[in-house]
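Novice: Turn this into a structure:
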Amino acid sequence: MGGSDARALSRSLLDLCRMRKLTIATAESCTGGLVAGALTDIPGSSDVIDRGFVTYSNEAKRMMLGVKAATLETFGAVSKETATAMAIGALEKAGVDLAVSITGIAGPGGATPGKPVGLVHFAVAARDGRIVHREQRFGAIGRSAVRQRSVVEALRMLMELARGPQAAVKPRREAASRLRPRVARSPRSHAAKRRRSPRG
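Specialist: Take a look at the predicted model:
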(Lines give C-alpha, C1' and ligand atoms only; values in the text may rest on other atoms or scores of the structure.)
Protein backbone atom coordinates (compact mmCIF):
# COMPACT_ATOMS: atom_id res chain seq x y z
CA MET A 1 0.00 0.00 0.00
CA GLY A 2 1.58 3.20 -1.12
CA GLY A 3 0.97 6.47 -2.83
CA SER A 4 -0.66 4.84 -5.86
CA ASP A 5 -3.32 3.22 -3.65
CA ALA A 6 -4.06 6.54 -1.94
CA ARG A 7 -4.23 8.35 -5.28
CA ALA A 8 -6.62 5.82 -6.82
CA LEU A 9 -8.83 5.85 -3.73
CA SER A 10 -8.79 9.64 -3.63
CA ARG A 11 -9.96 9.84 -7.25
CA SER A 12 -12.74 7.31 -6.68
CA LEU A 13 -13.88 9.03 -3.48
CA LEU A 14 -13.94 12.47 -5.07
CA ASP A 15 -15.90 11.18 -8.07
CA LEU A 16 -18.46 9.50 -5.80
CA CYS A 17 -18.84 12.56 -3.56
CA ARG A 18 -19.14 14.82 -6.57
CA MET A 19 -21.90 12.62 -7.98
CA ARG A 20 -23.73 12.54 -4.64
CA LYS A 21 -23.00 16.20 -3.87
CA LEU A 22 -21.15 15.43 -0.62
CA THR A 23 -18.50 17.55 1.08
CA ILE A 24 -15.64 16.35 3.30
CA ALA A 25 -13.51 17.60 6.19
CA THR A 26 -10.56 15.81 7.79
CA ALA A 27 -9.24 15.82 11.36
CA GLU A 28 -5.73 14.39 11.60
CA SER A 29 -3.22 13.84 14.34
CA CYS A 30 -0.51 11.26 13.56
CA THR A 31 -0.89 11.69 9.78
CA GLY A 32 -0.36 15.44 10.02
CA GLY A 33 -2.59 16.37 7.09
CA LEU A 34 -1.64 13.56 4.70
CA VAL A 35 -5.27 12.57 4.07
CA ALA A 36 -6.20 16.12 3.14
CA GLY A 37 -3.02 16.26 1.07
CA ALA A 38 -3.89 13.07 -0.84
CA LEU A 39 -7.35 14.39 -1.65
CA THR A 40 -6.34 17.91 -2.60
CA ASP A 41 -3.55 16.53 -4.79
CA ILE A 42 -6.30 15.58 -7.25
CA PRO A 43 -7.28 18.47 -9.60
CA GLY A 44 -10.81 19.71 -9.05
CA SER A 45 -11.04 18.49 -5.46
CA SER A 46 -12.18 21.90 -4.22
CA ASP A 47 -15.82 21.12 -4.94
CA VAL A 48 -15.68 18.26 -2.40
CA ILE A 49 -12.98 19.10 0.16
CA ASP A 50 -13.89 21.89 2.52
CA ARG A 51 -11.05 21.91 5.06
CA GLY A 52 -8.59 19.85 7.08
CA PHE A 53 -7.77 20.13 10.76
CA VAL A 54 -4.27 19.09 11.85
CA THR A 55 -4.67 18.68 15.60
CA TYR A 56 -1.40 17.18 16.77
CA SER A 57 -1.55 18.30 20.39
CA ASN A 58 -4.29 17.68 22.93
CA GLU A 59 -4.76 21.43 23.18
CA ALA A 60 -5.42 21.60 19.44
CA LYS A 61 -7.94 18.77 19.68
CA ARG A 62 -9.78 20.70 22.37
CA MET A 63 -9.56 24.15 20.81
CA MET A 64 -10.18 23.28 17.15
CA LEU A 65 -12.46 20.24 17.37
CA GLY A 66 -14.14 20.61 20.75
CA VAL A 67 -12.80 17.33 22.17
CA LYS A 68 -13.50 17.44 25.90
CA ALA A 69 -10.58 17.56 28.31
CA ALA A 70 -12.24 14.77 30.30
CA THR A 71 -12.24 12.53 27.21
CA LEU A 72 -8.53 13.09 26.66
CA GLU A 73 -7.68 12.61 30.32
CA THR A 74 -9.78 9.48 30.76
CA PHE A 75 -9.13 7.64 27.50
CA GLY A 76 -6.05 9.35 26.07
CA ALA A 77 -5.45 10.97 22.71
CA VAL A 78 -5.10 7.59 20.99
CA SER A 79 -8.49 6.03 21.70
CA LYS A 80 -11.86 5.22 20.19
CA GLU A 81 -13.48 7.96 22.24
CA THR A 82 -11.08 10.68 21.11
CA ALA A 83 -11.19 9.60 17.46
CA THR A 84 -14.99 9.67 17.53
CA ALA A 85 -15.06 13.09 19.18
CA MET A 86 -12.59 14.40 16.60
CA ALA A 87 -14.73 13.21 13.68
CA ILE A 88 -17.91 14.67 15.16
CA GLY A 89 -16.09 17.91 15.95
CA ALA A 90 -14.82 18.25 12.38
CA LEU A 91 -18.28 17.51 11.01
CA GLU A 92 -19.88 20.19 13.19
CA LYS A 93 -17.16 22.85 12.87
CA ALA A 94 -16.97 22.56 9.09
CA GLY A 95 -20.67 21.96 8.45
CA VAL A 96 -19.85 19.27 5.88
CA ASP A 97 -21.54 15.97 4.99
CA LEU A 98 -18.68 13.62 5.91
CA ALA A 99 -15.68 13.82 8.23
CA VAL A 100 -12.82 11.47 9.05
CA SER A 101 -10.41 11.49 11.98
CA ILE A 102 -7.12 9.74 12.67
CA THR A 103 -5.19 9.51 15.92
CA GLY A 104 -2.42 7.03 16.58
CA ILE A 105 1.17 6.20 17.44
CA ALA A 106 3.29 6.22 14.28
CA GLY A 107 6.52 5.63 16.19
CA PRO A 108 9.28 4.94 16.70
CA GLY A 109 8.56 6.32 20.18
CA GLY A 110 5.35 7.16 22.01
CA ALA A 111 4.22 3.68 22.98
CA THR A 112 2.61 3.16 26.38
CA PRO A 113 1.31 0.02 28.15
CA GLY A 114 -1.60 -1.27 26.08
CA LYS A 115 -0.93 1.21 23.28
CA PRO A 116 1.93 -0.04 21.10
CA VAL A 117 3.61 1.63 18.15
CA GLY A 118 1.40 1.18 15.10
CA LEU A 119 -1.89 1.52 16.99
CA VAL A 120 -4.20 3.88 15.11
CA HIS A 121 -7.84 4.79 15.79
CA PHE A 122 -10.06 6.00 12.95
CA ALA A 123 -13.57 7.42 12.95
CA VAL A 124 -15.88 8.66 10.24
CA ALA A 125 -19.05 10.64 10.82
CA ALA A 126 -21.88 11.58 8.48
CA ARG A 127 -24.44 14.35 8.56
CA ASP A 128 -27.21 11.74 8.75
CA GLY A 129 -25.91 10.50 12.11
CA ARG A 130 -23.86 7.49 11.03
CA ILE A 131 -20.59 7.09 12.95
CA VAL A 132 -18.08 4.30 12.39
CA HIS A 133 -14.96 3.62 14.44
CA ARG A 134 -12.12 1.30 13.48
CA GLU A 135 -8.93 0.31 15.25
CA GLN A 136 -5.84 -0.85 13.40
CA ARG A 137 -2.64 -2.28 14.82
CA PHE A 138 -0.13 -1.95 12.01
CA GLY A 139 2.81 -2.88 14.21
CA ALA A 140 6.28 -1.35 14.28
CA ILE A 141 6.56 -1.18 10.48
CA GLY A 142 8.16 2.25 10.47
CA ARG A 143 6.76 5.73 10.92
CA SER A 144 6.28 6.43 7.22
CA ALA A 145 4.56 3.08 6.58
CA VAL A 146 2.15 3.54 9.49
CA ARG A 147 1.21 6.97 8.19
CA GLN A 148 0.77 5.79 4.59
CA ARG A 149 -1.39 2.83 5.59
CA SER A 150 -3.44 5.12 7.82
CA VAL A 151 -4.18 7.40 4.87
CA VAL A 152 -5.42 4.45 2.79
CA GLU A 153 -7.60 3.17 5.65
CA ALA A 154 -9.12 6.62 6.21
CA LEU A 155 -9.95 6.98 2.52
CA ARG A 156 -11.56 3.53 2.48
CA MET A 157 -13.73 4.43 5.46
CA LEU A 158 -14.82 7.66 3.82
CA MET A 159 -15.68 5.71 0.67
CA GLU A 160 -17.86 3.30 2.67
CA LEU A 161 -19.69 6.18 4.31
CA ALA A 162 -20.10 8.07 1.04
CA ARG A 163 -21.82 5.08 -0.56
CA GLY A 164 -24.60 5.47 2.00
CA PRO A 165 -26.33 3.05 4.39
CA GLN A 166 -27.01 -0.43 3.06
CA ALA A 167 -30.76 -0.72 3.47
CA ALA A 168 -32.23 -4.19 4.02
CA VAL A 169 -35.61 -3.23 2.58
CA LYS A 170 -35.51 -5.18 -0.71
CA PRO A 171 -34.98 -8.65 0.81
CA ARG A 172 -37.97 -8.09 3.10
CA ARG A 173 -40.18 -7.10 0.17
CA GLU A 174 -39.11 -10.18 -1.77
CA ALA A 175 -39.86 -12.40 1.19
CA ALA A 176 -43.28 -10.81 1.53
CA SER A 177 -44.04 -11.28 -2.20
CA ARG A 178 -43.11 -14.94 -1.96
CA LEU A 179 -45.69 -15.44 0.78
CA ARG A 180 -48.52 -13.75 -1.08
CA PRO A 181 -48.93 -16.38 -3.86
CA ARG A 182 -49.18 -19.15 -1.26
CA VAL A 183 -51.96 -17.33 0.52
CA ALA A 184 -53.75 -16.70 -2.78
CA ARG A 185 -53.50 -20.31 -3.94
CA SER A 186 -55.23 -21.89 -0.96
CA PRO A 187 -58.70 -20.36 -1.59
CA ARG A 188 -58.56 -21.47 -5.24
CA SER A 189 -57.77 -25.05 -4.31
CA HIS A 190 -60.65 -25.08 -1.83
CA ALA A 191 -62.95 -23.64 -4.48
CA ALA A 192 -61.87 -26.32 -6.96
CA LYS A 193 -62.63 -29.07 -4.44
CA ARG A 194 -66.07 -27.62 -3.79
CA ARG A 195 -66.86 -27.56 -7.51
CA ARG A 196 -65.82 -31.17 -7.96
CA SER A 197 -67.82 -32.55 -5.06
CA PRO A 198 -71.34 -32.04 -6.51
CA ARG A 199 -70.32 -33.81 -9.77
CA GLY A 200 -69.37 -36.96 -7.90
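
Novice: now the strands for the chain?
Specialist: Using DSSP state E, the strands of the chain run over 24-28, 49-54, 98-104, 119-126, 131-137.

Novice: Turn those into a markdown table, including mean neighbour count.
Specialist: All C-beta spots, glycine's among them, are computed from the backbone N, C-alpha and C. Listed next are the strands of the chain as a markdown table, based on neighbours: other CB atoms under 10 Å:
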| stretch | mean neighbour count |
| --- | --- |
| strand 24-28 | 29 |
| strand 49-54 | 19 |
| strand 98-104 | 29 |
| strand 119-126 | 25 |
| strand 131-137 | 15 |
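
Novice: Could you dump these into CSV with mean pLDDT and distance to Ala36 added?
Specialist: Converted to CSV, the strands of the chain look like this (pLDDT from 0 to 100; distance: least, CB to CB, whole Å):
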stretch, mean pLDDT, distance to Ala36
strand 24-28, 98, 5
strand 49-54, 98, 3
strand 98-104, 98, 10
strand 119-126, 98, 14
strand 131-137, 98, 19
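
Novice: Might you report the residue contacts of Ala154?
Specialist: Neighbouring residues of Ala154 by CB atoms under 8 Å, 6 or more residues apart in numbering: 26, 31, 35, 100, 102, 122, 124.

Novice: who's in contact with Asp97?
Specialist: Asp97 neighbours (CB under 8 Å, 6+ apart): 17, 22-24, 126-127.

Novice: hmm, try it at 7 Å
Specialist: 22-23, 126-127 (CB atoms under 7 Å, 6 or more residues apart in numbering).

Novice: Determine which two of the residues you listed are furthest apart.
Specialist: By the measure CB to CB, Thr23 and Ala126 form the most distant pair in the contacts of Asp97, at 11.2 Å.
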